[in-house]
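J.: Show me how the following folds:
(4 chains)
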Number of protein chains: 2
Amino acid sequence: MLNPIDILKEYCKNNSLRYTPEREIIVTEIYKKDGHFHIDHIFLRIRNNYPKLKLAKASIYRNIPHLINAGLIRESFYKDGHACYEHTLGHAHHDHIRCLKCGEITEFYNEYIDKTQQTICKQRKFQLLDHIHILLGYCEKCNKKKGAN
Amino acid sequence: MLNPIDILKEYCKNNSLRYTPEREIIVTEIYKKDGHFHIDHIFLRIRNNYPKLKLAKASIYRNIPHLINAGLIRESFYKDGHACYEHTLGHAHHDHIRCLKCGEITEFYNEYIDKTQQTICKQRKFQLLDHIHILLGYCEKCNKKKGAN
DNA sequence: ATATGTGCAAATGATTTGCTCGTGG
DNA sequence: CCACGAGCAAATCATTTGCACATAT
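T.: Numbers count the residues shown, from 1 in each chain, chains lettered A, B, ... in the order given. The predicted model follows:
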């Protein structure tokens, strides 16, 4: 049950969705590489790796909500408003540090911050479901290449 | 110098930008109401309040980066990828709590979270410039209206 | 005077949708 | 078999851009 494909199958069954080759390939491809991805990345990778399958980008778009529901991926955010995603499986909850120059994303997790968030929400009777927490700035590498902003 | 219009004038002067009525009106209108706004809101409010001025939405879009540079507004983020903004002046730094049902945004500030962020970045030699921190879930009101998701 | 800013309309680019056909159950 | 899912192309929608004219300096 720790296998993304198994989860997908289970999810389809439980939600009376069909288990299509497209869905399988999308999930397989997403889980091939670790880290963050964009719709476009996945689309191109599937185009390359399965040239015979004429997968439409729309199919990826249509399936993303299912994968999120299935708990297979999580939505992330770009400063410019574009979505990107990341795996959930075998991937503990964490937050992000993003370099505004090179775009590199690293992860961090701080228990105290998490607990504090929960406390804040409890005080306000707000039911916390999710959060976005991204630290923005310049990474060590980019900082060294003295930057014209 | 605590007046948004003065800051705008100063900023224009320092950056050899022209001080146009459009810029003045955009800033005035933005600072009329507190809280968050979308491009569209501001556009409509200007349309209503200054019917003779045929301001184009493009002019707002074109000026937003200047206002951010001038330190007059700050960019915020929506789960769906749409931008929204908020004043900076007389508005201490804070983070956001957003209801996924009604969209209501409230603010919070927690000093310890702020400090922890700084510590995390120091450890990683990451130069922290900004951050996004949004708590997502259901507000008290929406929670009571027992929700079909 | 003249470079910058503006309105307008057309372009863009990511995402969504309508439609028809293919196929998993 | 037949409802759901896919491909494709057209539609959307927020944002950006090109152009010609207006205007702040």
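J.: Quick check: the gap between residue A:105 and chain B.
T.: 12 Å (C-beta to the nearest C-beta, to the nearest Å). Yep, even glycine has a C-beta here, placed from its N, CA and C like the rest.
J.: tell me the contacts of that residue?
T.: For residue A:105, the contacting residues are A:35-36, A:96-99, by C-beta atoms under 8 Å, 6 or more residues apart in numbering or on different chains.
J.: ok but residue A:101 is inside a strand, no?
T.: No - using DSSP: H, G, I helix; E, B strand; the rest coil, the assignment for residue A:101 is coil, not a strand.
J.: Now name the helix or strand holding the closest residue to it other than its chain neighbours.
T.: Nearest residue to residue A:101 in three dimensions, chain neighbours excluded: residue A:142, at 4.0 Å (C-beta to C-beta, 6 or more residues apart in numbering or on different chains). For residue A:142, the host element (DSSP states H and E) is helix A:140-144.
J.: Could I get the buried residue list for that helix?
T.: Using 16 or more other C-beta atoms under 10 Å in any protein chain shown as the test for burial, helix A:140-144 gives residue A:142.
J.: Stretch A:71-87 now?
T.: Neighbour-count burial for stretch A:71-87 [16+ other C-beta under 10 Å]: A:72-73, A:75-78, A:84-87.
J.: Up against chain B, what does chain A have?
T.: A:75, A:77, A:79, A:81-83, A:97, A:99-100, A:106, A:108, A:110, A:112-113, A:116-117, A:120-121, A:124-140, A:143 (C-beta under 8 Å from any C-beta of the partner chain).
J.: out of those residues, which are buried?
T.: Among the residues of chain A next to chain B, those classed as buried by 16+ other C-beta under 10 Å are A:75, A:77, A:97, A:99-100, A:108, A:110, A:113, A:116-117, A:120-121, A:126-128, A:131-139.
J.: So which of those residues are in strands?
T.: With strands taken from DSSP state E, the overlap with those comprises A:75, A:77, A:97, A:99, A:108, A:127-128, A:131-138.
J.: So what's the gap between the helix holding residue A:142 and the chain middle?
T.: Centroid displacement of helix A:140-144 relative to its chain, using C-alpha atoms, centre = their mean, to the nearest Å, is 26 Å.
J.: what's next to that helix, contact-wise?
T.: Contacts for helix A:140-144 (C-beta under 8 Å, 6+ apart): A:99, A:101-102, A:104, B:124-127.
J.: Name the nearest of those residues relative to DNA strand C.
T.: Nearest to DNA strand C among the contacts of helix A:140-144 is residue A:102, at 19.2 Å by C-beta to the nearest atom of the strand.
J.: Mind pulling the model confidence for the closest residue to the closest one other than its chain neighbours?
T.: Nearest residue to residue A:102, sequence neighbours excluded (C-beta to C-beta, 6+ apart): residue A:142, at 5.4 Å. The model reports residue A:142 with a pLDDT of 85.
J.: Please apply the same query to residue A:130.
T.: So residue A:130 comes in at 82 (pLDDT).
J.: What residues are bridge-paired with it?
T.: residue B:136 (DSSP bridges).
J.: Need the max-distance pair from the contacts of residue A:105.
T.: A:35 and A:99 (14.5 Å; C-beta to C-beta).
J.: After the helix or strand of chain A with the lowest mean pLDDT, heading C-terminal, what element do we hit next?
T.: Least confident helix or strand of chain A, by mean pLDDT, DSSP states H and E, is strand A:73-77 with a mean of 82. Downstream of strand A:73-77, the next assigned helix or strand under DSSP H and E is strand A:83-87.
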